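> predicted structure and sequence below. I'll ask about it afterward.
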Amino acid sequence: MKKTRVLVTRVFFVTTITGMRVELRGVTKRFGSFTANNQISLTVEPGQIHCLLGENGAGKSTLMNILFGMLHAEEGEIVIDGQAVRFADSGEAVRRGIGMVHQHFMLVPVFTVAENVVLGFEPTKSLGRVNHRAANDMIHELSSRFGLDVDPDALVENLSVGLQQRVEILKALSHDAELLILDEPTAVLTPQEIESLMAIMRSLASAGKSILFITHKLKEVQAVGDVITVIRHGEVVGSVPATTSEADLATLMVGRDVSFSVTKEVVEAGPAVLSLRDVVIRDDRGISVVNGVSLDVNGGQIMAIAGVQGNGQTELVEAIAGLRHVESGTITLGGRDITNKTPRQILDAGLGHVPEDRQRDGLVLSMSIEDNLVLNTAHFRPFAKGWSRNLPAVSSNAADLVERFDVRTTSITADVGSLSGGNQQKVIVARELSRPLTCFMAAQPTRGLDVGSIEYVHRQIVEQRNQGLGVLIVSSELDEVLSLGDRVAVMFSGQVVGVVDPQVGRETIGLMMAGAKPE
Amino acid sequence: GGSTIASAAGFKACIVTDTGGINDKSFNASAYQGLKDAKMVDPSIEIDYLSSLAETDYAPNIRAFEHQGCNIIITVGFLMDAATTAAANADPKQKFAIVDDAPMTKSKNVLALQYNTNQAAFLGGYLDAATSKTGVVATYGGMNFSTVAMYESGFVAGVRYYDMKNHAKVKVLGFTPGAGACTLANCPGTGTFIGNFTDQTAGKQDTATFFAQGADIVFPVAGSVGLGSVAAAQQAGAGHSVTWVDSNGCVSDKAQCKWFNATVAKGVEPSVAAAVESAFAGKFKGGTYYGTLANGGTALEYNSTTASASLKATIAALTKGIESGNISVNPNRYPGTPN
Amino acid sequence: MKIWNFLKRLNARGPAATAFFALILGFIIGALVIIATTAVVLNAWRHVFSSPTAIFSALKVTFDNVGAAYRAIFIGAVGSPSAYSHSITTGQGWTNTIDPLSETLTYATPLAIASIAVCIAFRTGIFNIGANGQAILGGIAGAWAGSMVHLPTALHIPFTLILGVLGGALGGLIPGVLKAYAGAHEVIVTLMLNYIIAFFLLYVTLSTALQQPGQANDISRTIDGSAVLPPIFGTGSGLRVSYGLFIAAAVVLFGWWFLNRSTLGFDFRITGANPHAARAAGINARRVIIFVFLISGGLAGLAGEVQMASTTHFVDGGFLIGSAGVGFTAITVALLGRNEPMGIVWGSLLFAALNVGGRTMQASTGIPLDLAAIIQSIVVLFVASPVLVKEIFRLHTTTEAVQLATKGWGQ
Amino acid sequence: MSVETVEVTKALKQPHGRSRVIAGIIVGLGLFVALVFGLGSSGRAKSQFTFSPVNLSSNAPWHLGALTVNTRGWNVVLGVLIIALGTEVWVRRPRAPMLRFGLSSIIFLFALLFWACRTPGPSQIPFVNLTATLAGSVGIAMVLMYGSLSGVLCERAGVVNIAIEGQFLGGAFFGSMVVSVTNSFLYAALAGALFGALLGWLLAFLAIRYMSDQVIVGVVIVTMMASLSSYLNLQVLTPYPNFNLGNTASTTGIPLLDKIPVLGPVLFNETWFFYLAVALVALVSFGLFKTRWGLRVRAVGEHPKAAESVGINVARTRYRNVIMGGAVAGLGGVAFMATQGQFQPGYTSGLGYVALAALIFGRWKPSGAVVASILFGLSAFLANGLQSYSVPVSSEIIGMFPYIITIAVVAGLIGRVRPPAADGVPFKRS
Ligand SMILES: Nc1ncnc2c1ncn2[C@@H]1O[C@H](COP(=O)(O)OP(=O)(O)OP(=O)(O)O)[C@@H](O)[C@H]1O
Ligand SMILES: Nc1ncnc2c1ncn2[C@@H]1O[C@H](COP(=O)(O)OP(=O)(O)OP(=O)(O)O)[C@@H](O)[C@H]1O
Ligand SMILES: [Mg+2]
Ligand SMILES: [Mg+2]
């Protein structure tokens, strides 16, 4: 035991509960002509939980990456405990006591937890060999100190998202961070996991560590925040106390009033347009991730599937869209059996599909908006004449949709890649809704969108439902599920725990998301 | 490289090599050497060469030389047959000589240079049989062309003749003559053929295999593939050697000289030189020239062989015999030692 | 400096200029290679150490040699100005005057076709390094159809062309199927296939009925006159440029239409740019992959057929082997032309000029023809790295690095 | 979570479909051997195995006589062996079915040799010399080892090095020049490695700094080296032939070990290029999987952004590895030259690409690369060796074998073995 202690302390700084005061002064960052951060200044006091709030692309991650040494600002400076610092790379930032949990995890899937945690600061033996023993001991020590237990020898790729995040936090702490940056850590967690994360944050803060906490969820800000700094389009629009009301915060973020409640007129459900019976699906590794799901989506009704990421929703959606093989069970769309049919056949059967990963499955970023708007209809009249494309028709179609769906762009011939996230989403929604549909299916329709865009997309969805279309929504955002769904199906470890009315309230559903059967 | 920009004045002899280029240590090289020899004899002769990267280059290369006013154009190899004939028919006054090829259609202004290499190869076979320590010799070819098989056929005949005369049991691996005599039109036989004239690795491996089967002298008839045999001999160490073909190994490849015991030379140099000089002297005649031991169109050249004076005397005698036609170079005339 | 500003403005137009500057760099480096390997030049410079004044003569020698080489390339590819002026004034000797141009076009014809083949694959995110092998198969098929089948010209030429296409398509089918159904990476498969096909070529020219009767050598029968693509200016003229030129033009047009106007081509481009989105949009990836290889291979085969039917009229063991490989040059041309059919037209003319002119250079200066190939590969290295070119020439534009999306080994 | 882990390891079995196809092919091979080479040959026919090494000077104190066996019986046994391998793949669906396939194809070629050299039979050569065969294969295997090791170094760091063939050529060319002048293979090796490193740097420079397409750049480097070496061959080696003497490296036997029957002459009486190759494999293997350096390299190859986020300099790591890889490939070129002798344009005849296949076959592991190299080396040598037995297959067809096997292996493997996640993906510093 003693021996390993020595090893640990030799490699890792001794923990000193001093806390750290970080100041950003007039930081400005440009990407080409586009200014992501403009003259941003803010101060984080020792032991403070400082929340950053802002629309997508407001510039939060950029700012954090600058503080963490991964990006370099054109102007402004970083001041730590009174002295200005400049980080050549994030290694220096880490040595200076800054830890960051990135919005997109920075873990090597094929490495073990231990390897990931020590990467870049490996304890070594003779001949430069990595000292796994020391690493494991160090992890155990940290786990017990902060109550974040995880098996050091497990391969990261086999861990649930929640656990992966723990690894990220361990990684940050292992280098003895005094300032911890958490970039949208809660997006992928269960309410319960969020709770425990917040507990951890509080304990860290009381241990004197400073925390920069980024999120879109106003509730969380109010729950843990000490100070809230709101950023809009790269500029600080204000620092306010955590007691500020949600409405005011939203207004600050977007720059105008935002309505959270979605108004839904009453429509009585029609017949089932999409029904699943005992569907079983395996993932790429051959593990069955959906086992025996049965579900009905009726016309004029929004069926919302709630559940934490990685409980089979993704695979379920892919299977419905024909992108993943169904082991057993049947899927029928508008009375037609579409089980294991090709994506083409399923599209033709009238399924509208907004994929979870829009840039991967929904768009061709290097192609123009007009082409993306006919991605799956290019072979049909009026967009095709025989073997040739009918470009005039394609353009007029684009002009029309961009207008109708309020896609913010300079020209319909611009690359979709140059659009903002929300507008990219609008392009997909527009494309799917411009086809004759039997059922409309959207996975995480507003992930990564700001309140403004969310509002818009939601209105579109409800409109379709009001016109009698069957809608299937998959979302890990509880609020979204509650405000949109007529019925809520909660998935846990590949099964539907239950289908309930949203009225049962967020606690019940939260518990169901954690696997508890509804009474 | 070649000479500088052409002047139409004076007598000019030009050569279009095939894809082997003038450095193939084989007949492209020899043919070019022939031009140089001619220039030696008469320095007023200008010489120039063009090497072709592809068959598509033959025609334009020939045409380029016609435009440069070459008095005689040497082409090399059967691949240029078509192009040469075409050019010859297009311009009956232009003189051509084509090395190592029997033209499909004869033309008055084309001299075809062909070589009965089996005569010298016979001597080579006899020499190797006589000098082999293990009593096993081997040969292999690049591809089963008559020009290649003819060497091997003569070689086998030589070995068999040695066995018959000396009641020896020297075996020859790698080539089995087919029925009938071996002519340039058709030289029947089967055996080891690499499948190309460039893959040294294959040559080395086959040679190693032959050595493994007890052979100590190998006769590769495969252009630069033969260099693989040299490498194999080097690795197998002393006691292993190579009998080279086409052009004297110790000239084209000084460094390797000690591994060559002899060379079965194809008299490309003298024949090309002769063709050029005849054209220079205005005595050029189309038709076919057959290289033989008698006219030096093929010959056995000793390199680092251990052959005794008496053996060399015997071989000299054999040479006379073949020239006079008293000794046949057809392997089927002699009983072979069964393997 | 006017010219400089002009170039900068030109460069603002993007790709074309990158290629132009890459070309300049190619020639500069080519010159260095000449200097470093030509004895006289090196000697001239050696003297400089002893007497500094010798530097002028040294420079002169250098420029003479390099100049001679490049002048020869120009004359060989385009023709000599004097010859032109002579023909223009006297109206005589046009044949000899434009012979270089005819040669350049002759070489460019199969090159352009093969380049379109490679380009269509590139635009689908597939690197068809096997174009050369497919071209060989096309040549073999064409040689068979032209020599073993006897038809009237009106039928024979189309028949041989079609056979050429089929032969190439067959060669493309193998990597296509292996990639579509086994996920085998096309680069390795097609590279290996090139070697296999080279052996196959030897096999058919040596051991089948296609071998030239009365020949023991690796040479095929000569195709019937009715299958020959006739020279545009008639057989008598001696100018080799053939009606294959029009086939090439047609192929370029097809390529443009296919990529920019056809629905299938649209699917191809989607698949190339983002296979996931393609799948979600109902595009059958396997079908696309196989179609790509069929079309790309077919065109490559056509290139081989056209080359055979308009120049040698037979195939032999060395057909398109090694430095003769049109299919390999085509890759570089496609890159040079930024995978745009029009760009490819210029690219193939340029590279054809380099190769044809290279022959004259070799004839008149003795500098080996390989120099052309060296210059070509250097040009492509630069074309593939536009940013580098810009840095060298201190130019600022927005053109991004070449987007070819050749995938890693994954698939 | 621990539950999941268990499930995963269970899940790592190969999917049914493809294993079955491979199994089918293997069984097919086996049946062919048993029926054609086995029952096809007459019951009286005999085949011979011999063991004495070629190089009599280094002949061992031992002398193993020839092993004479009944062709039919022996080949039937070999056939059954292959069939067994096939059925194992069918039933057990092992993780490395292609290894079985590789073995089967080797056994197949051996059976073919046995059949070819049977007496009474058409062949002039009544035996197969095992020692010579293995020794010959080791020659090729060594070159492939250098090649695939170079691949490992580059691709583990996330850069696809398809230019190995070009680095071979360059190394061979300059190695041959240097050794001709200095008559020292040490200097030759240094020159070759240096030039290989230079080409590696070029690849790295364009791929890392300018994010050019790595495959394209690689291929172009190969064509460039092909034309450049052919150009220099004409411009320099032709006028000055003593720049290309083509002397080959001599073997140095390891005392005692080289006296071991069969293995001795094959493994312990080689040129020091071979010993160096083995040492390098061990070294890289240790470095990659045991040391800090290796952990960081692999991180860069798997998830460069993550590596960067902990202060690892992705670009530098990649530069270093690609240059090292180039040097190793350059060495390989010299090693090739040292066994083949005189330089000829393009005489590596695609070995560089086969090395890539070996790399994939070896699952981007040095140890795997060795196994793969040996398999490919054997198959290539046996295929060439066949030409000296008058088998009723034309040499052109036989020449295809090694390449066909390569394709089969690659086709069977890709998509099942997992390359480094960021392999071939340019990294843009955010
Ligand atoms: N990678 C990029 N390169 C160039 N320009 C970009 C890039 N990303 C975004 N932009 C430009 O910056 C602008 C803002 O993009 P951003 O994604 O921040 O929008 P946003 O504020 O998130 O809007 P939304 O809420 O719709 O996502 C966009 O209009 C886009 O044109
Ligand atoms: N490398 C880049 N090149 C060009 N533009 C970029 C780049 N990185 C980010 N941007 C743009 O800068 C803006 C700020 O991005 P950033 O990721 O900081 O937004 P964010 O506030 O983190 O949004 P989100 O809430 O979605 O994470 C966005 O418009 C984004 O598109
Ligand atoms: Mg962010
Ligand atoms: Mg955004």
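Okay, I see it. Ligands and ions are numbered 1, 2, ... in the order given.

> sec struct for A:Thr62, please.
helix (DSSP: H, G, I helix; E, B strand; the rest coil).

> before we move on, what about the one 10 residues further on?
Under three-state DSSP, the three-state class of A:His72 is coil.

> now do the contacts for it.
A:Ile66 (C-beta atoms under 8 Å, 6 or more residues apart in numbering or on different chains). (C-beta placed from N, C-alpha, C; glycine too.)

> which pLDDT value does the model give it?
On pLDDT, A:His72 comes in at 88.

> got it, and D:Thr182?
91.

> helix or strand for the residue nearest to it when sequence neighbours are not counted, which one?
Nearest residue to D:Thr182 in three dimensions, chain neighbours excluded: D:Ala188, at 7.4 Å (C-beta to C-beta, 6 or more residues apart in numbering or on different chains). Assigned by DSSP states H and E, D:Ala188 belongs to helix D:185-204.

> in that helix, which residues are buried?
Applying a neighbour-count criterion of 16 or more other C-beta atoms under 10 Å in any protein chain shown, one finds D:185, D:188-200, D:202-204 buried in helix D:185-204.

> go on, stretch D:289-308?
In stretch D:289-308, counting by 16+ other C-beta under 10 Å, buried: D:290-308.

> and for stretch A:512-519?
A:512-513.

> give me the residues contacting it.
Taking C-beta under 8 Å, 6+ apart as the rule, stretch A:512-519 contacts A:190-192, A:306-308, A:478, A:490, A:492-493, A:497-498, A:500, A:504, A:508.

> only whichever of the residues you listed are buried, select them in ChimeraX.
In ChimeraX syntax, the buried subset of the contacts of stretch A:512-519 is picked out as below (16+ other C-beta under 10 Å):
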select /A:190,191,306,307,308,478,490,492,497,498,500,508
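
> what's the end-to-end length of stretch D:157-165?
This stretch, stretch D:157-165, spans 20 Å end to end (C-alpha to C-alpha, to the nearest Å).

> same deal with stretch A:264-282?
36 Å.

> and it, which residues are buried?
Per 16+ other C-beta under 10 Å, stretch A:264-282 contains these buried residues: A:267, A:269, A:272-276, A:279-282.

> for the residues you listed, give me TSV that also has pLDDT, distance to B:Gly174 and secondary structure.
Formatted as TSV, the buried residues of stretch A:264-282 follow (pLDDT from 0 to 100; distance: C-beta to C-beta, whole Å; DSSP: H, G, I helix; E, B strand; the rest coil):
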residue	pLDDT	distance to B:Gly174	secondary structure
A:Val267	73	90	coil
A:Ala269	78	87	coil
A:Ala272	90	80	strand
A:Val273	91	78	strand
A:Leu274	93	75	strand
A:Ser275	93	76	strand
A:Leu276	94	72	strand
A:Val279	94	68	strand
A:Val280	93	65	strand
A:Ile281	91	63	strand
A:Arg282	86	59	strand
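
> ok so, going back, and which of the contacts of stretch A:512-519 is nearest ligand 2?
Here the nearest of these to ligand 2, counting by C-beta to the nearest ligand atom, is A:Leu478; it sits at 18.6 Å.

> which residues does the helix or strand hosting C:Leu59 contact?
Counting by DSSP H and E, the element that carries C:Leu59 is helix C:54-78. With contact meaning C-beta under 8 Å, 6+ apart, helix C:54-78 is reached by B:5, C:27, C:31, C:34-35, C:38, C:40-41, C:44-45, C:47-48, C:100-101, C:103-104, C:352-354, C:356-361, C:363-365, C:367, C:371-372.

> that older thread, so which of the contacts of stretch A:512-519 sit within strands?
A:306, A:490, A:492, A:497-498, A:500 (DSSP state E).

> got those as CSV, with distance to chain B columns?
Shown next, in CSV, are the ones in strands among the contacts of stretch A:512-519 (distance: C-beta to the nearest C-beta, whole Å):
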residue, distance to chain B
A:Ala306, 66
A:Val490, 67
A:Phe492, 62
A:Val497, 66
A:Gly498, 70
A:Val500, 73
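
> what's the burial count for C:Phe49?
By other C-beta atoms under 10 Å in any protein chain shown, the residues close to C:Phe49 number 8.

> point to the residue nearest the middle of chain D.
D:Ser373 (2.7 Å; C-alpha atoms, centre = their mean).

> name the residues of the helix or strand encompassing that one that are buried.
If you go by DSSP H and E, D:Ser373 is part of helix D:366-386. Using 16+ other C-beta under 10 Å as the burial criterion, the residues of helix D:366-386 that qualify are D:366, D:368-386.

> is chain B contacted by it?
Yes: on the criterion C-beta under 8 Å from any C-beta of the partner chain, helix D:366-386 is in touch with chain B at D:381, D:384-385.

> surely A:Val22 meets A:Glu77?
No: the criterion here is C-beta atoms under 8 Å, and A:Val22 misses it with A:Glu77 at 11.5 Å.

> can you pick out the residue with more neighbours from the two?
Legend: neighbour count by other C-beta under 10 Å for A:Val22 and A:Glu77, higher for A:Val22 (25 against 14).

> which ones are touching the more buried one?
A:43-44, A:67, A:78-80, A:98, A:179, A:210.

> then A:Leu179?
A:20, A:22, A:44, A:97-99, A:209-212.

> again, 7 Å this time
For A:Leu179, the contacting residues are A:20, A:22, A:44, A:97-98, A:210, A:212, by C-beta atoms under 7 Å, 6 or more residues apart in numbering or on different chains.

> cool, B:Ser310 as well?
B:Ser310 neighbours (C-beta under 7 Å, 6+ apart): none.

> helix or strand: which one has it?
Secondary structure assigned from DSSP H and E places B:Ser310 in helix B:309-324.

> D:Phe243 versus C:Val40, what's the distance?
19 Å (C-beta to C-beta, to the nearest Å).

> more neighbours: those two, which one.
Per other C-beta under 10 Å, whichever of C:Val40 and D:Phe243 has more neighbours is D:Phe243, with 18 against 11.

> where exactly do the helices run in chain B?
Secondary structure of chain B (DSSP state H): helices at B:27-41, B:55-67, B:81-90, B:118-131, B:146-166, B:200-212, B:226-236, B:249-252, B:268-280, B:309-324.

> what's the answer for the stretch 51-200 of chain C, then?
C:54-78, C:81-90, C:94-123, C:131-148, C:153-182, C:186-207 (DSSP state H, counting those that start in this stretch).

> in JSON lines, list those along with mean neighbour count.
Listed next are the helices of the stretch 51-200 of chain C as JSON lines, based on neighbours: other C-beta atoms under 10 Å in any protein chain shown:
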{"stretch": "helix C:54-78", "mean neighbour count": "18"}
{"stretch": "helix C:81-90", "mean neighbour count": "12"}
{"stretch": "helix C:94-123", "mean neighbour count": "27"}
{"stretch": "helix C:131-148", "mean neighbour count": "30"}
{"stretch": "helix C:153-182", "mean neighbour count": "22"}
{"stretch": "helix C:186-207", "mean neighbour count": "24"}
